[in-house]
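Enquirer: here is the input, now give the coordinates:
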Amino acid sequence: MLTFLYTTWDPSTGIHLGPITLHYYSLMFILAFGLGYAIMSKIFKIDNVNQKYLEPLFTWTLVGTILGARLGHVIFYQPELFKEDFWSVFLPIRTKPEFEFTGFSGLASHGATIALIFTTLYYSYKIIKKNPFWVYDRIGIVVALGGAFVRIGNFFNSEIIGKPAPANSPFAVLFPQQSTEYGDIVPRYPTQLFEAAGYFLLFILLWVLYRYTNKKYQQGWLFGLFFIILWAVRFFVEFLKEPQGDEFIQFAGLNTGQVLSIPFMLAGFVIMWYSKNNKITEEENGKPE
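Expert: Numbers count the residues shown, from 1 in each chain. As a prediction, this is how the structure comes out:
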């Protein structure tokens, strides 16, 4: 019988650059947006879309992701912060029990998704003037990759960890730096990496379908598929996760993350069905200037 010795994950806080420390979580965010920008630039070239539309897309995506993710976390998991420490909801600080610069911590992907839907609607109608599903199809590709990097950042931070795992499991990891909110320091499932792997594979799938098939001309099809798979990954990994704060929403034994994922998956099926009547030609795809 094989015997596995669990891995201990105890990384440094970040990369020290003199008096400044670049935290790994922040680095993952920078990589996510940097690679996302490069990939979207490539996509715009493939689609013959003027690069001038790239900068505002990047700006609105950045604002929507950070603000939406932060509000989503507070609304779904820590609503008491609105009363106890209001400014910490919107700013990368904590004012109680004392002032401290914390960076943006406590981010929820459900909130980011909702915010991105609205910021992309504005971008689609007011800036690039294309069908929103054309934009959603392409933004889903980079969001899948970005989600993988964010979960790797969570792994560096020893947060969003899994439930206790048998010490002889090949997946067991000990997180000495984990928060006390998770209880005893025991070997756990590295659910951050499970999610990251799922999102990375989704990115590859979407890129291949976009690059080598005609599905990019069926507006909404790629985005619907993105919704179904991304939230399915989240749904099933949640079975191995520790609760993220107080679970205010529960139903039929499902936790908050799972309950919130179900509407997004259903929406994905509806969007894919809708896309059958939302096709464009290759000539219509570009935006000549």
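
Enquirer: contacts for stretch 33-47, please.
Expert: The contact list for stretch 33-47 (CB atoms under 8 Å, 6 or more residues apart in numbering) reads 50-51, 53-54, 57-58, 61-62, 138-139, 141-143, 145-146, 149, 210-211, 216, 285-286. The way it works is simple: take the backbone N, C-alpha and C, and place the C-beta from them, glycine included.

Enquirer: run the last query once more with 6 Å
Expert: 51, 54, 58, 138, 142, 146, 285, 286 (CB atoms under 6 Å, 6 or more residues apart in numbering).

Enquirer: cool, stretch 190-208 as well?
Expert: 141, 144-145, 147-148, 151-152, 154-155, 160, 162, 173, 222, 229-230, 233, 237, 240-241.

Enquirer: show me the residues you listed that map onto strands.
Expert: Among those, the members falling in strands (DSSP state E) are residue 173.

Enquirer: so which of the contacts of stretch 190-208 belong to helices?
Expert: When the contacts of stretch 190-208 are checked against helices (DSSP state H), the matches are 141, 144-145, 147-148, 151-152, 154-155, 222, 229-230, 233, 237.

Enquirer: buried subset of those residues?
Expert: 141, 144-145, 147-148, 151-152, 154-155, 222, 229-230, 233, 237 (16 or more other CB atoms under 10 Å).

Enquirer: now distance to residue 119 and pLDDT too, for these, in a markdown table please.
Expert: Listed next are those as a markdown table, based on distance: CB to CB, whole Å; pLDDT from 0 to 100:
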| residue | distance to residue 119 | pLDDT |
| --- | --- | --- |
| 141 | 17 | 97 |
| 144 | 18 | 96 |
| 145 | 19 | 95 |
| 147 | 17 | 91 |
| 148 | 21 | 95 |
| 151 | 22 | 93 |
| 152 | 24 | 94 |
| 154 | 23 | 90 |
| 155 | 28 | 93 |
| 222 | 19 | 97 |
| 229 | 22 | 98 |
| 230 | 18 | 96 |
| 233 | 23 | 97 |
| 237 | 26 | 96 |
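
Enquirer: quick revisit: in the ones in helices among the contacts of stretch 190-208, find the pair that's most separated.
Expert: 155 and 222 (27.7 Å; CB to CB).

Enquirer: nearest to residue 69 among the ones in helices among the contacts of stretch 190-208?
Expert: Closest to residue 69, out of all of these and judged by CB to CB, is residue 147, at 10.8 Å.

Enquirer: what helix or strand is the nearest residue to the closest one once chain neighbours are set aside on?
Expert: Excluding its sequence neighbours, the residue lying closest to residue 147 (CB to CB, 6 or more residues apart in numbering) is residue 199, at 4.2 Å. Using DSSP states H and E, residue 199 falls within helix 191-212.

Enquirer: show me the shaky parts of the stretch 101-250 of the chain.
Expert: Confidence mapping of the stretch 101-250 of the chain against pLDDT under 70 gives the ranges 101-110, 245-250.

Enquirer: now do the contacts for residue 271.
Expert: Neighbours of residue 271 in contact, by CB under 6 Å, 6+ apart: 220, 223, 224.

Enquirer: please report how far residue 113 lies from residue 273.
Expert: 20 Å (CB to CB, to the nearest Å).

Enquirer: more neighbours, the two?
Expert: residue 113 (22 against 12; other CB atoms under 10 Å).
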